[in-house]
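A.B. asks: Sequence first, predicted coordinates after that:
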Amino acid sequence: MKLDIELDRENGVPLTEQIVSGVTAWIRSRAAHPGAKLPSIRQFSADYGVSRFPVIEAYDRLVSLGYLDSRHGSGFYVAERHRNASDPQCTSDPRRAEEVVEHILQQFNHPGESLKLGSGFIPEAWRDMDSLGHAIRHVSRTDPASLVDYATQLGNLTLREHLQSRLGQLGIEADPSQILITNGASQGLDLLMRFMLKAGDTMFVEDPGYYNLYGLLKLHGVKLVGIPRTRTGPDLEVLQAQLRLHRPKLFFINTLFHNPTGTTVSPPVAFRLLQLAREHDFRIIEDDIYADFQTDVSDRLATLDQLEHVIYVGGLSKTMSSSLRIGFVVASHTIIKTLADIKMLTSIGGSRFAEAVAVAMLERGAYRKYLERLRRRMRDALGASVQALEASGWEVFEAPQGGKFVWARVPHIEDSTRLVECGAPLGVTVAPGSYFRPNGEVSPWIRINAAYTSDPRAQQFFDAAARLR
């Protein structure tokens, strides 16, 4: 049978993502019953006139997400959706998972009519497209092998040396062999989950926090325990209470310009976190993906700990280019060696071309000049955003000192899905705060990207939401 889904090659969304979204919507519509057989990869490819490669990738992803079962020698079938509640992999409402995936995909769509006020990305107009283009042409001329070859196992040595120098400015001592280049910070996190956790293990995360990580952890069958994020970092009282109940393997923390609250961990909280990590024998994964948005350097957990109990994750995708997908993990030699082996087994290698382009941007000084402009622009946008929100009667969780995000609410609205509904008719897209909570709990807050608030539709939305009753 041919599935009732549509593929559009012109909308800019990768075919793999369209197939995943289409099949999940088809299953959710109850047009298919558990056990129904899907077209073979070959048949699907023929039905829609597409290559088999996006179909293979989409089917594999749907199996991982629990929508399909793969039966060796037989094909793919709609999975039984009602798993036993005791199954450690069944820790959230699958319909909510579908909504979160759709929200992630929506962020990656090319700009359309909707104002993506809750997006995680810098507007294209803010990027240094000219310097990026020059770097791409330079690498194409001077290193043609990078167009066809894999990167080395750890990644481009010159790039790792640049990162070593940048880490040194933060007071983090690491040699290039302690740095692993990854396909964005997301791959770094996935490698760490594969290495350090198994199904049934407990990991502490921040509440609210990075929603894509929550989905990744649940795919690995990991139990999540949320620690409330305060204005100065994780709530230490709750953390200590949870440590009396659980033995976490890891604690994931976004220290600087936290996603989504925009806050930064204070020095006293940082010191106490490291004390607790030593006392209770767990490691901290420090996500410092927004480091390049900071003007005045401050200590990180990795600075204070020097990679004894801290694994440091960073990247260039949030500022330089999301398309280049340059992330990195910094840790002990033993951990990096194992992660590099897993990386080779799961993806063979990184993009030699992307790494070479990043080196060209760093060496030619273009990136440094671009960051200076970007920081000023974001600082001004954050200040204007907070002012506009408060003038419209919103409450801001904390005025950010950098980064991109403002965490805000309308004081008399308890469920931010109402704000999502308010924005839709105005052409404004935001995500409910529940997406940023470990188990999808209701939240009155939403994340706002300050880079988009100068659009008149943002002010219309702020005013309209404040009038909700």
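C.D. replies: On my side now, so go ahead.
A.B. asks: Go through this structure and flag its longest strand.
C.D. replies: strand 223-230 (DSSP state E).
A.B. asks: Just the CA atoms of it, as PDB, please.
C.D. replies: C-alpha atoms of strand 223-230 as PDB (Å, rounded to 0.1, in the frame of the first residue of the first chain):
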ATOM      1  CA  LYS A 223      15.900   7.800  34.000                       C
ATOM      2  CA  LEU A 224      15.800  11.600  34.300                       C
ATOM      3  CA  VAL A 225      15.600  13.500  37.500                       C
ATOM      4  CA  GLY A 226      15.000  17.300  37.100                       C
ATOM      5  CA  ILE A 227      16.800  19.800  39.400                       C
ATOM      6  CA  PRO A 228      15.100  23.200  39.300                       C
ATOM      7  CA  ARG A 229      17.200  26.000  37.700                       C
ATOM      8  CA  THR A 230      17.200  29.100  39.900                       C
END
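A.B. asks: Just checking: what are the partner strands of the next helix or strand after it?
C.D. replies: Sequence-wise, the next helix or strand downstream of strand 223-230 (DSSP states H and E) is strand 233-234. Partners of strand 233-234 in the sheet, by DSSP bridges, are strand 223-230 (antiparallel).
A.B. asks: what comes up buried for the strand it pairs with?
C.D. replies: 223, 224, 225, 226, 227, 229, 230 (16 or more other C-beta atoms under 10 Å). Bear in mind the C-beta positions are built from the backbone N, C-alpha and C, glycine included.
A.B. asks: For the closest residue to the first one other than its chain neighbours, give its distance to residue 221.
C.D. replies: When you say that, I think you mean residue 223. In space, residue 223 comes closest to residue 202 once its chain neighbours are excluded; the distance is 4.7 Å by C-beta to C-beta, 6 or more residues apart in numbering. Residue 202 sits 11 Å away from residue 221, going by C-beta to C-beta, to the nearest Å.
A.B. asks: List just the nearest of the buried residues of strand 223-230 to residue 458.
C.D. replies: Of all the buried residues of strand 223-230, residue 458 sits closest to residue 229, with 24.5 Å by C-beta to C-beta.
A.B. asks: Next up, the contacts around the closest residue to the closest one other than its chain neighbours.
C.D. replies: Leaving aside its chain neighbours, residue 229 sits nearest to residue 206 (4.7 Å; criterion: C-beta to C-beta, 6+ apart). Contacts were defined as C-beta atoms under 8 Å, 6 or more residues apart in numbering; by that measure residue 206 touches 226, 227, 228, 229, 234, 252, 253, 254, 258.
A.B. asks: and residue 35, how many neighbours does it have?
C.D. replies: Residue 35 sits with 10 neighbouring residues when counted by other C-beta atoms under 10 Å.
A.B. asks: Just confirm it is within a helix.
C.D. replies: No. Judged by DSSP: H, G, I helix; E, B strand; the rest coil, residue 35 forms no part of a helix; its state is coil.
A.B. asks: Determine the three-state secondary structure at the nearest residue to it once chain neighbours are set aside.
C.D. replies: Leaving aside its sequence neighbours, residue 35 sits nearest to residue 77 (C-beta to C-beta, 6+ apart; 5.7 Å). Assigned with three-state DSSP, residue 77 falls in the strand class.
A.B. asks: Which pLDDT value belongs to residue 77?
C.D. replies: You'll see residue 77 listed with a pLDDT of 88.
A.B. asks: That one bridge partners, please.
C.D. replies: Residue 77 has the following beta-bridge partners by DSSP bridges: residue 37, residue 69.
A.B. asks: Now do the contacts for it.
C.D. replies: Shown in contact with residue 77 (C-beta under 8 Å, 6+ apart): 35, 36, 37, 38, 68, 69, 71.
A.B. asks: right, and the first one touches residue 78 too?
C.D. replies: Right, residue 35. Yes. Counting by C-beta atoms under 8 Å, residue 78 is a contact partner of residue 35 at 6.3 Å.
A.B. asks: Lowest-scoring secondary structure element of this protein by mean pLDDT?
C.D. replies: When each helix and strand of the chain is scored by mean pLDDT, DSSP states H and E, helix 94-108 comes last, with a mean of 52.
A.B. asks: contact partners of the helix or strand that that one is followed by?
C.D. replies: Later in the chain than helix 94-108, the nearest helix or strand by DSSP H and E is strand 115-116. Outside strand 115-116, the residues that touch it by C-beta under 8 Å, 6+ apart are 106, 107, 427, 428, 429, 449, 452, 455, 457, 458.
A.B. asks: Would you mind checking the residues you listed for buried ones?
C.D. replies: 106, 428, 429, 449, 452, 455, 457, 458.
A.B. asks: Which of those residues scores worst on pLDDT?
C.D. replies: Here the lowest pLDDT out of the buried ones among the contacts of strand 115-116 sits on residue 106, with 53.
A.B. asks: From residue 203, how far off is the residue lying closest to residue 199 once chain neighbours are set aside?
C.D. replies: Closest residue in space to residue 199, ignoring its immediate chain neighbours: residue 221 at 3.1 Å, by C-beta to C-beta, 6+ apart. Residue 221 sits 11 Å away from residue 203, going by C-beta to C-beta.
A.B. asks: More neighbours: these two, which one.
C.D. replies: More neighbours surround residue 203 than the other of residue 221 and residue 203, with 23 against 16 (other C-beta under 10 Å).
A.B. asks: Please name the residues that touch that one.
C.D. replies: 197, 217, 222, 223, 224, 225, 248, 249, 250, 251, 252.
A.B. asks: Bridge partners for the fifth one, pull those for me.
C.D. replies: Listed beta-bridge partners, residue 224: residue 203 (assigned using DSSP bridges).
A.B. asks: Thought residue 201 was touching it, still the case?
C.D. replies: No. Residue 224 is not in contact with residue 201 according to C-beta under 8 Å; the separation is 10.4 Å.
A.B. asks: what about this protein, any weak spots by pLDDT?
C.D. replies: Low-confidence segments of the chain, defined by pLDDT under 70: 1, 11-12, 30-31, 64, 81-112.
A.B. asks: for it, longest helix please?
C.D. replies: helix 366-391 (DSSP state H).
A.B. asks: could you list every residue that touches residue 466?
C.D. replies: 392, 393, 394, 410.
A.B. asks: Who are the contact partners of residue 207?
C.D. replies: By C-beta under 8 Å, 6+ apart, the contact set of residue 207 is 226, 227, 228, 229, 437, 438.
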